[in-house]
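Undergrad: Here's my sequence, what's the structure:
(one chain, ligands or ions: 1)
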Amino acid sequence: MSNTIYLGYYFKVEPLQPAVEILIAELGYAGFESFVETEDGVTAYIQKDEWHDAILEDVQILNSEEFTISYTLEEIEQTNWNEEWEKNFNPIAVDGVVTVRAPFHEKPNTEFDIVIEPKMSFGTGHHETTHMMIQHILKNDFKDKSVLDMGCGTGVLAILAEMKGAKPIDAVDYDNWCYLNSLENVERNNCEHITVIEGDASVLKNKKYDIIIANINRNILLQDMAVYTACLNKNGVLFLSGFYNDDIPIIRQACENQMLKFDEKLERNQWVALKFLN
Ligand SMILES: C[S@@+](CC[C@H](N)C(=O)[O-])C[C@H]1O[C@@H](n2cnc3c(N)ncnc32)[C@H](O)[C@@H]1O
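TA: Below is the predicted model:
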């Protein structure tokens, strides 16, 4: 890690909230890896290798007339990411039942205590979509269910599924960093039933699951929906997130094309997490 070249985008945002929160979420989906909130906005980092010309094209809040957002850009050699995120990562509590925290935070009193070293993978519980997927997992029966966590990030959802009694569990991510980070976090939480796999939907051939959790993004979900549903057992459950309220009709249609039935919606700040039944 020590010599990786990053690009730092220094965003100035006026007024700050909720624009900064939305900006971070959108940049996260565009591929930015790390964020540091500042007095007048936010600094967002992306590896130079991951950067492309159209990186800000889908960041819709930049076109908003409600907020004034400007930025400057700088190339940096980042050597101390851990220190940056440790300063900015607070524990997250979901519904007073689950805490997602880093190893250096104090042990909480919640029923489920998930310790993750997020470094740069998505899945600290801070994002709306992770938060709602945690809520879905809490509300549903996972005892002895086989589970796929597709796009596992830090592995946080797979880890909670195991804590709720699921087994066996496959946690899949196509990003090498997320794969390694999930392996670390699985071990850190003493999970025994999770297999972490590096890859995309192509690794799902001949697999079957009672429950599939996929918090990815609209386009990947639409692209891989048929593969997911082929892996879902009869009476299985599919949880989807990583998209906005406005995307529901197209996602619902894709699920209904696969004969899945819409069952429940959770919503936070226009992000949604849907539950479908097979
Ligand atoms: C929004 S994050 C979700 C992380 C975590 N599951 C959570 O809920 O916080 C989406 C993850 O999906 C992964 N991903 C994106 N496209 C993928 C694909 N086609 N196959 C597998 N993983 C993918 C990304 O690397 C990222 O870690």
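Undergrad: and the nearest residue to residue 165 once chain neighbours are set aside, how many neighbours does it have?
TA: Closest residue to residue 165 apart from its sequence neighbours, by Cβ to Cβ, 6 or more residues apart in numbering: residue 143 at 3.8 Å. Yep, even glycine has a C-beta here, placed from its N, CA and C like the rest. Neighbour count for residue 143, taken as other Cβ atoms under 10 Å: 8.
Undergrad: do you know how far the residue located most distally from the centre of the chain is from the ligand?
TA: Most distant residue from the mean C-alpha position of the chain: residue 65, 28.1 Å away (Cα atoms, centre = their mean). Distance from residue 65 to the ligand, counting by Cβ to the nearest ligand atom, to the nearest Å: 28 Å.
Undergrad: what do you get for residue 29?
TA: Here the criterion is Cβ to the nearest ligand atom. By it, residue 29 lies 7 Å from the ligand.
Undergrad: residues contacting that residue?
TA: When contacts are counted by Cβ atoms under 8 Å, 6 or more residues apart in numbering, residue 29 is found next to 58, 217, 242.
Undergrad: let's see 6 Å
TA: For residue 29, the contact set (Cβ atoms under 6 Å, 6 or more residues apart in numbering) comprises residue 217.
Undergrad: Which helix or strand contains it?
TA: Taking DSSP states H and E as the definition, residue 29 sits inside helix 19-30.
Undergrad: what about residue 263, how many neighbours?
TA: Neighbour tally, residue 263, other Cβ under 10 Å: 12.
Undergrad: residues in contact with it?
TA: Residue 263 neighbours (Cβ under 6 Å, 6+ apart): 275, 277.
Undergrad: Three-state assignment for it, please.
TA: Here residue 263 is recorded as strand under DSSP: H, G, I helix; E, B strand; the rest coil.
Undergrad: again with the one 10 residues further on
TA: Classification of residue 273 using three-state DSSP returns strand.
Undergrad: Distance of it relative to residue 177?
TA: According to Cβ to Cβ, to the nearest Å, residue 273 and residue 177 sit 24 Å apart.
Undergrad: Report the buried residues of the top strand by length along the chain.
TA: Identified as the longest strand of the chain according to DSSP state E is strand 232-244. Buried residues in strand 232-244, counted by 16 or more other Cβ atoms under 10 Å: 232, 236-244.
Undergrad: Which parts of the stretch 151-278 of the chain are strands?
TA: Counting by DSSP state E, counting those that start in this stretch, the stretch 151-278 of the chain has strands at residues 169-173, 194-198, 209-215, 232-244, 261-268, 271-277.
Undergrad: export those to JSON lines and tack on mean pLDDT and distance to the ligand?
TA: Shown next, in JSON lines, are the strands of the stretch 151-278 of the chain (pLDDT from 0 to 100; distance: least, Cβ to the nearest ligand atom, whole Å):
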{"stretch": "strand 169-173", "mean pLDDT": "98", "distance to the ligand": "5"}
{"stretch": "strand 194-198", "mean pLDDT": "98", "distance to the ligand": "9"}
{"stretch": "strand 209-215", "mean pLDDT": "98", "distance to the ligand": "4"}
{"stretch": "strand 232-244", "mean pLDDT": "96", "distance to the ligand": "5"}
{"stretch": "strand 261-268", "mean pLDDT": "97", "distance to the ligand": "13"}
{"stretch": "strand 271-277", "mean pLDDT": "97", "distance to the ligand": "9"}
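Undergrad: Dump those strands to TSV, plus distance to residue 126.
TA: Shown next, in TSV, are those (distance: least, Cβ to Cβ, whole Å):
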stretch	distance to residue 126
strand 169-173	18
strand 194-198	22
strand 209-215	13
strand 232-244	14
strand 261-268	12
strand 271-277	12
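Undergrad: which strand residues sit across from the nearest residue to residue 248 once chain neighbours are set aside in the sheet?
TA: Closest residue to residue 248 apart from its sequence neighbours, by Cβ to Cβ, 6+ apart: residue 272 at 6.3 Å. Beta-bridge partners recorded for residue 272 (DSSP bridges): residue 243, residue 267.
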